[in-house]
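**Q** sequence? don't have it. structure:
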Ligand code: FES
Ligand code: FES
């Protein structure tokens, strides 16, 4: 067990964990940040996606000991009130079915748009291909990213 | 306008809720009830209530949604139906997931695409009755005839005198009004909410990461547990040594119950690590089977003399011996795990005075009964609260994971949440059964289908045929039979049970038969249906006109046979009361076939929520396509060989084709849409690939078939 200071969603957290504990379980078990989901635990589905210094990463395979002073953003911190353009677009397009994968989808899409506000459809394909949606909402995810992109570039 | 009697089947109770609002409870049991009763003000008596809507003085209409929500959008569409008849202001509707309550609700489950068909009329009456009471209350207050008043957007209006009252202002007085013997339901043309694309009521919560799912349930003092179940079906625990596991910091206990070894701890990661240190010895308890054994067994069973006859019309032997042409083909599919994105989990707290269960279940009532049986207590000592389900696909129709959690809690005498890893989930059974079919068709010299045979053999498949489906009833001589092999590998209902593969096999086969008969595949199906309509052979349990209409609509929307440089494949299937036809389009890109587009025509009766319905069709097609191409769960020595998404392939973002969704607008009461879009997809794609390449697909997954090399998928190829 070691003590970790983490900067998550602009807030400082202190927690005890084994150094090899994936950030996913620190968020969920230690800090009660439950928006980040477990889907596979082996970096195959994207349900656990968070931002590390603005880049989308898989928290299920990211040991807490490697986070250091990097800024972590989870779905809870993407916006204060669910009004990030990506969240708005997701609502307007009515993307979710069961909804379980969507936090990860949104975090992946938000990271893409932060870097590349006007992605081509091929760039969207490449960015989103790592996120599984068992319900098959892929078309609406695509549509929502295009909408969010238009909101951001406005 | 439809008039529905409320007094016979529907026993309605009315009461004033604690907050002074109007609460309507509906008992929708089929028993002859004592008419409509008015419950005295103040009583929040829920006995005999079945579903529930409340109007608060602040105008908020609370609608309790009883059925488990797993992405089929019931939590939005049920309240839409109530709100429509109530003339509620949708922006003031608050939807609440109801806990399991068999006294209030009937059929509180999710499965068989049956929720809307079952509840359509009941929900409408719920809204209409409340509207009636609110209008009567306003009439009384103003001293006018209720016939001059209308309800609109959350208010009752006296338009002649240009005045109105909100539902909240009227709620308390409405509760004093006697219930009507009959309520009038709205004419379909006056629908304002039904048929519109209404956004999911949980969007805000889902999109901002609120803890909605079973895995998100935390309770102070709760323990977490994972269970090591035998890796191989047919094995049982001989002995185990949990010393090393128990020594891991954070681990509370390691115990065995039945064939399970549970690692119980305070946090997930220490449990995952401790589990790896378990030493468990297993011994054989039943047959240990592998996939090659099943392949060999299927071939043997297809030739077996004895089989269970499911349907027999005319005399197939004579028809086949006199046929001008006989076509015989076989089709096989593997087991499939359900893989909802949220793995199995459940919270249980077994206390001396009662049991608390919380989690995702498609069948909460059954789960409670099984727990009651296990613990030897009465079901009413158990509460079950439903979380949102992170998908189901049939897996959560079973209660194994609920019972396990309860048993573990009773053994450790503590509140415990059992969670499954993806590996536990994929290796843990309850699969779509592996099945093999043999189809045979006899054609006369004019290419008419005069004889039809189908044998289905499957592993724990129950009846792997749907003997009364098309083309039964349209062929003079027909024989459908089946054989089931019992195996330790557990199976269960998987979205569109049986038809998820049977439809592919049948529609691919009929396509081949049409080609052999030198007929256009669409016309071939229409001719068969006409023939069934004109002189039905035996019983016909599907609606020929509805099936023809979806066929024609799909053909029209896809411009069937008229597109240049596009290979089209057709498929149509009836399942769960609804009809869906699909045209798949394959184009040659860089010398290789690419699955580019699917056009779907669905008849599910009235569409309740356009947004939900469209996505239900699209999602069903993506599901059907993904599993037809990639879904493959194989066994070695009784153990599943694919345990996570690195070896079990799900369809991904890039690979989905364009999907056009169309609905038949026929005004029929809703017939269900959770499953029916899935079955036709594999057949439409296989038939289009045949058009493009001249090669037929017989087995799933397609990507393991040598003929499919080089095929690409996706809208942007
Ligand atoms: S849970 Fe991290 S990628 Fe699946
Ligand atoms: S919405 Fe259910 S898994 Fe994506």
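**A** Looks like it arrived, so ask away. Just so it is clear, the structure is predicted and the values come from calculations on it, not from any experiment. Ligands and ions are numbered 1, 2, ... in the order given.
**Q** residue nearest the centroid of chain A?
**A** For chain A, the residue whose C-alpha lies nearest the mean C-alpha position (Cα atoms, centre = their mean) is residue A:107; its distance is 2.9 Å.
**Q** hang on, it in a helix?
**A** Yes: residue state for residue A:107 (DSSP: H, G, I helix; E, B strand; the rest coil) corresponds to a helix.
**Q** show me the contacts for it.
**A** For residue A:107, the contacting residues are A:49-51, A:56, A:73-75, A:78, taking Cβ atoms under 8 Å, 6 or more residues apart in numbering or on different chains as the criterion. From N, CA and C alone the C-beta is placed, and that goes for glycine too.
**Q** do the same with residue B:706
**A** Contact partners of residue B:706, counting by Cβ under 8 Å, 6+ apart, are absent.
**Q** what about 10 Å?
**A** residue B:695 (Cβ atoms under 10 Å, 6 or more residues apart in numbering or on different chains).
**Q** Now do it against ligand 2, distance only.
**A** Going from residue B:706 to ligand 2 by Cβ to the nearest ligand atom, to the nearest Å gives 32 Å.
**Q** Phi, psi for that residue please.
**A** Residue B:706 adopts backbone torsions of phi -60, psi -30, taken as degrees, to the nearest 10.
**Q** do the same with residue A:124
**A** Taking degrees, to the nearest 10, you get phi -60, psi -50 for the backbone angles of residue A:124.
**Q** could you say which helix or strand contains residue B:281?
**A** Remark: residue B:281 resides in strand B:279-284, with elements defined by DSSP states H and E.
**Q** Would you indicate which residues of the next helix or strand after that strand are buried?
**A** In the C-terminal direction, the helix or strand that comes right after strand B:279-284 (DSSP H and E) is helix B:291-302. The neighbour-count check on helix B:291-302 (16 or more other Cβ atoms under 10 Å in any protein chain shown) flags B:291, B:294, B:297-298, B:301-302 as buried.
**Q** buried residues in the strand holding residue B:281?
**A** Neighbour-count burial for strand B:279-284, with 16+ other Cβ under 10 Å as criterion, is recorded at B:280, B:282.
**Q** for stretch B:88-99, same thing?
**A** By neighbour count, with 16+ other Cβ under 10 Å as the criterion, the buried positions of stretch B:88-99 are B:88-90, B:92-93, B:95, B:97-99.
**Q** where along the stretch 201-350 of chain B do the helices fall?
**A** Along the stretch 201-350 of chain B, the stretches classed as helices by DSSP state H, counting those that start in this stretch are B:203-207, B:243-246, B:268-275, B:291-302, B:316-321.
**Q** Tabulate those in JSON lines, adding columns for mean pLDDT and distance to ligand 2.
**A** Supplementary listing: these in JSON lines, determined by pLDDT from 0 to 100; distance: least, Cβ to the nearest ligand atom, whole Å:
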{"stretch": "helix B:203-207", "mean pLDDT": "96", "distance to ligand 2": "8"}
{"stretch": "helix B:243-246", "mean pLDDT": "98", "distance to ligand 2": "32"}
{"stretch": "helix B:268-275", "mean pLDDT": "98", "distance to ligand 2": "21"}
{"stretch": "helix B:291-302", "mean pLDDT": "98", "distance to ligand 2": "28"}
{"stretch": "helix B:316-321", "mean pLDDT": "98", "distance to ligand 2": "45"}
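**Q** Name the single longest helix found in chain B.
**A** The residue-count maximum for a helix in chain B (DSSP state H) belongs to helix B:115-142.
**Q** Now it: average pLDDT?
**A** Per-residue pLDDT values across helix B:115-142 average out to 92.
**Q** cool, stretch B:404-412 as well?
**A** Within the predicted structure, the mean pLDDT of stretch B:404-412 is 98.
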